[in-house]
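Asker: next come a sequence and a model predicted from it.
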Amino acid sequence: MADIRFANPPGIPAPAARYSLTAEVSGARRWLVLSGQVPVAVDGSVPETAEGQAALVAAHLRTALTHHGMTAAHIVKLTTYLVGREARAAWQVERDALIGGGPPPASTQVIVAGLADPRWLLEVELIAAE
């Protein structure tokens, strides 16, 4: 497995939430770059609530990691696109459950005017390394 070191270097303001400012990866033999995951179920349905959408997106992330023989411990970077701040709290609950108690990955959250489908409240992409 790659050596992944997360840090919050002195001289940079501390993170505003549970994430790391930097992620240094050395010795990686595999990288996984996952396209943005959206809240669409296999049957094409989209949950109506932010909580339902966040839970579905987190499930998609776990499924993709598992498919490639990885876990949340391999996540180096998360990028989240939120349609409005209303979905932020629901995503934070799912994000924290996803990453568990280990060092939090580097992370960026962006508030956007909209996504490809107007029903979607969030989209999340990740980078993982092993």
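Answerer: Noted; the coordinates are in hand.

Asker: need the contact list for the most centrally placed residue in the chain.
Answerer: For the chain, Leu78 is the residue whose C-alpha lies nearest the centre (Cα atoms, centre = their mean; 3.9 Å). Leu78 sits next to Tyr19, Arg95, Pro105, Ala106, Ser107, Thr108, Val124, Glu125, Leu126 when contact means Cβ atoms under 8 Å, 6 or more residues apart in numbering. Using the backbone N, CA and C atoms, a C-beta is placed for each residue, glycine as well.

Asker: could you dump the residues you listed to CSV with distance to Asp3?
Answerer: Formatted as CSV, these follow (distance: Cβ to Cβ, whole Å):
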residue, distance to Asp3
Tyr19, 19
Arg95, 24
Pro105, 14
Ala106, 15
Ser107, 20
Thr108, 23
Val124, 25
Glu125, 23
Leu126, 19
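
Asker: helices and strands around the longest helix along the chain, which ones?
Answerer: Criterion DSSP state H: the longest helix present in the chain is helix 50-67. If you count contacts as 3 or more Cβ pairs under 8 Å, 6 or more residues apart in numbering; DSSP states H and E, helix 50-67 packs onto strand 31-37, helix 88-99, strand 122-129.

Asker: any regions of the chain where pLDDT drops low?
Answerer: Within the chain, the ranges that satisfy pLDDT under 70 run 1.

Asker: ok, back up a step: derive a ChimeraX selection command for the buried subset of the contacts of Leu78.
Answerer: Typed into ChimeraX, the next command selects the buried ones out of the contacts of Leu78 (criterion: 16 or more other Cβ atoms under 10 Å):
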select :19,95,105,106,107,124,125,126
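
Asker: the contacts of Leu78: which two are farthest apart?
Answerer: Tyr19 and Glu125 (14.8 Å; Cβ to Cβ).

Asker: returning to what we had before: of all the helices and strands packed on helix 50-67, which one is nearest Glu24?
Answerer: Checking the helices and strands packed on helix 50-67 against Glu24 by Cβ to Cβ gives strand 122-129 as the closest, at 10.5 Å.

Asker: neighbouring contacts of that closest one?
Answerer: Contacts for strand 122-129 (Cβ under 8 Å, 6+ apart): 2, 4, 25, 28, 30-39, 50, 53-54, 57-58, 61, 65, 68, 70, 74-83, 87, 91, 105, 115.
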